[in-house]
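Visitor: coordinates only, sequence not included:
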């Protein structure tokens with residue numbers, strides 16, 4: 001069976017549809033609820049806030065949460081867009097999203113701080129909302145972040161030539 005394209009075009013082969021496993025959605029919703037629960041506990045409990053660290057040096061600890069929430073949003077977006085043409089090779093990606101987003105958001109925010117310090121001769125005042133936005137973006141766009149890190153390391157650390 002073929003799909004019909006625009007008039008005058010050749011028919012394209014049908015795409016084999018694979019439905020998204022529901023467990024992926026359950027994981028993403030569970031992660032979202034867990035992250036919202038952490039936010040509610042932090043916002044409403046003085047004891048929770050008193051026992052949680054406020055920063056890692058100049059980096060506010062909230063970047064971890066914002067990176068994770070950006071990653072979970074990316075996962076939900078992928079679920080909504082690709083639930084009818086699911087690629088099972090992304091299953092593990094969805095399972096690891098909050099962890100990967102927390103890491104890429106945190107490292108991305110640290111790189112942002114380093115770049116701010118490079119361009120200034122005096123100490124940089126940490127603007128928490130800016131770091132939160134950076135962490136969210138780096139958590140959401142982890143593939144672009146990892147590609148950027150790959151490109152930078154390829155320039156700095158070039159593989160040696162092999163001799164035959």
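Guide: Done, it's in. Please read these numbers as outputs of a predicted model, since none were measured by experiment.
Visitor: middle-most residue in this structure, spatially?
Guide: With distances taken as C-alpha atoms, centre = their mean, residue 139 lies nearest the centre of the chain, 2.6 Å away.
Visitor: Who are the contact partners of it?
Guide: 66-71, 74, 100-102, 104-105, 108 (C-beta atoms under 8 Å, 6 or more residues apart in numbering). (Glycine included, C-beta is placed from N, CA and C.)
Visitor: cool, and residue 38?
Guide: residue 65.
Visitor: any idea how far it lies from residue 82?
Guide: As judged by C-beta to C-beta, to the nearest Å, residue 38 and residue 82 stand 27 Å apart.
Visitor: Low-confidence bits of this protein, can you list those?
Guide: 1-16, 159-164 (pLDDT under 70).
Visitor: re earlier: now, which of the contacts of residue 139 lie within helices?
Guide: 66-71, 74, 100-102, 104-105, 108 (DSSP state H).
Visitor: returning to that earlier point: buried residues of the helix or strand the residue nearest to the centre of the chain falls within, list them for me.
Guide: Assigned by DSSP states H and E, residue 139 falls within helix 128-140. For helix 128-140, a neighbour-count test (16 or more other C-beta atoms under 10 Å) marks 131, 132, 133, 134, 135, 136, 137, 138, 139, 140 as buried.
Visitor: If you drop the residues flanking it in sequence, what lies closest to the last one?
Guide: Okay, so that is residue 140. Using C-beta to C-beta, 6 or more residues apart in numbering and skipping the chain neighbours, the partner closest in space to residue 140 is residue 70 (3.7 Å).
Visitor: need the helices for the chain, in chain order.
Guide: 22-44, 46-51, 62-82, 91-95, 97-118, 128-140, 142-156.
Visitor: thinking again about what came up before, just the buried residues of helix 128-140 now: which is nearest residue 124?
Guide: Nearest to residue 124 among these is residue 131, at 11.0 Å by C-beta to C-beta.
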